[in-house]
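Participant: Sequence first, then the predicted structure, then my questions.
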Amino acid sequence: MEDYSSTKIHNEISYNGFLSFIDLAKQMNYKFIFFNESRDNQKYIILRHDIDFGIIKDVYELAKIEKKYDIKSTYFFMMRNPFYNM
């Protein structure tokens, strides 16, 4: 597991915390699935990221981590906001 100890995704979430979450979920045999996948009585996690206001570099770093650990997730981007428009 990489060491991101000095890097935070958000004030309340660090990369190391996210990696610990992934590690624990996998140890407990949870499967990461997309919204449209079958949920037939197995342990699963539907991971969703709401990107309302943030740095795209951090979002990209999360995506790279998820790809490395074969984590399925969905990103929702707020296209219009009082602070910016995409």
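Facilitator: Right, received. Where do you want to start?
Participant: can you pull out the strands in the protein?
Facilitator: Counting by DSSP state E, the chain has these strands, from start to end: 8-10, 13-14, 31-32, 44-45, 47-51, 73-77, 80-81, 84-85.
Participant: Output these in JSON lines; the columns should cover mean neighbour count and mean pLDDT.
Facilitator: Bear in mind the C-beta positions are built from the backbone N, C-alpha and C, glycine included. Rendered in JSON lines, the data for the strands of the chain read as follows (neighbours: other Cβ atoms under 10 Å; pLDDT from 0 to 100):
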{"stretch": "strand 8-10", "mean neighbour count": "15", "mean pLDDT": "53"}
{"stretch": "strand 13-14", "mean neighbour count": "14", "mean pLDDT": "76"}
{"stretch": "strand 31-32", "mean neighbour count": "16", "mean pLDDT": "94"}
{"stretch": "strand 44-45", "mean neighbour count": "16", "mean pLDDT": "94"}
{"stretch": "strand 47-51", "mean neighbour count": "14", "mean pLDDT": "88"}
{"stretch": "strand 73-77", "mean neighbour count": "13", "mean pLDDT": "90"}
{"stretch": "strand 80-81", "mean neighbour count": "9", "mean pLDDT": "72"}
{"stretch": "strand 84-85", "mean neighbour count": "9", "mean pLDDT": "62"}
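Participant: export the ones you listed to a markdown table and tack on distance to D23?
Facilitator: Putting these into a markdown table (distance: least, Cβ to Cβ, whole Å) gives the following:
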| stretch | distance to D23 |
| --- | --- |
| strand 8-10 | 16 |
| strand 13-14 | 14 |
| strand 31-32 | 12 |
| strand 44-45 | 13 |
| strand 47-51 | 14 |
| strand 73-77 | 16 |
| strand 80-81 | 33 |
| strand 84-85 | 34 |
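Participant: Out of those, which is closest to K67?
Facilitator: Evaluated over the strands of the chain, closeness to K67 peaks at strand 73-77, with 9.9 Å, by Cβ to Cβ.
Participant: Direction included, what does that closest one pair against?
Facilitator: According to DSSP bridges, strand 73-77 forms sheet pairs with strand 47-51 (parallel).
Participant: Local confidence estimate at I71?
Facilitator: What the model reports for I71 is a pLDDT of 96.
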